[in-house]
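Trainee: fold the following, please.
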Amino acid sequence: MKEAKEIKDKIVADAKDKAQEEADRIVSIAKDSIQTEKIAAMNEIKSHVAALSIDIAEKVLKAELSDSAKQNKLVNDLLADIKLN
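Mentor: You can find the predicted model right below:
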């Protein structure tokens, strides 16, 4: 009877150990997957922000350079800047 109880306890302990190892493995895989998805999402956000920044800059430049007086002033300012450097 004592032997049967020891065998049962060993089987239960082994099963618990295997279950814990499997749970740890699943958690590790999930963490890796989450990290990969996070990096992909951040890269996508950076790409969208860059595209939006370019669109905004383009609209601002179009508005600022809509008349020739503003264009001339910009060119003159840039030339003056170059001469100072």
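
Trainee: shaky segments in this structure?
Mentor: 84-85 (pLDDT under 70).

Trainee: okay, which residue is most central for it?
Mentor: Nearest residue to the geometric centre of the chain (CA atoms, centre = their mean): residue 42, 2.0 Å.

Trainee: could you check how far it is from residue 35?
Mentor: From residue 42 across to residue 35, the span is 11 Å (CB to CB, to the nearest Å). From N, CA and C alone the C-beta is placed, and that goes for glycine too.

Trainee: repeat for residue 5
Mentor: According to CB to CB, residue 5 stands 45 Å off from residue 35.

Trainee: again with residue 23
Mentor: Look at residue 23 and residue 35: by CB to CB, they are 19 Å apart.

Trainee: ok, residue 24 next?
Mentor: In this view, residue 24 and residue 35 are 17 Å apart by CB to CB.

Trainee: repeat that for residue 49.
Mentor: According to CB to CB, residue 49 stands 21 Å off from residue 35.

Trainee: with residue 79 instead?
Mentor: Look at residue 79 and residue 35: by CB to CB, they are 50 Å apart.

Trainee: can you check residue 14 too?
Mentor: Distance from residue 14 to residue 35, by CB to CB: 32 Å.

Trainee: residue 4: how many residues sit nearby?
Mentor: 8 (other CB atoms under 10 Å).

Trainee: do the one 5 residues further on as well
Mentor: Summarising burial for residue 9: neighbours were counted as other CB under 10 Å, giving 10.

Trainee: quickly find the element holding it.
Mentor: Remark: residue 9 resides in helix 2-64, with elements defined by DSSP states H and E.

Trainee: swap in residue 72?
Mentor: Under the criterion of DSSP H and E, residue 72 resides in helix 68-84.
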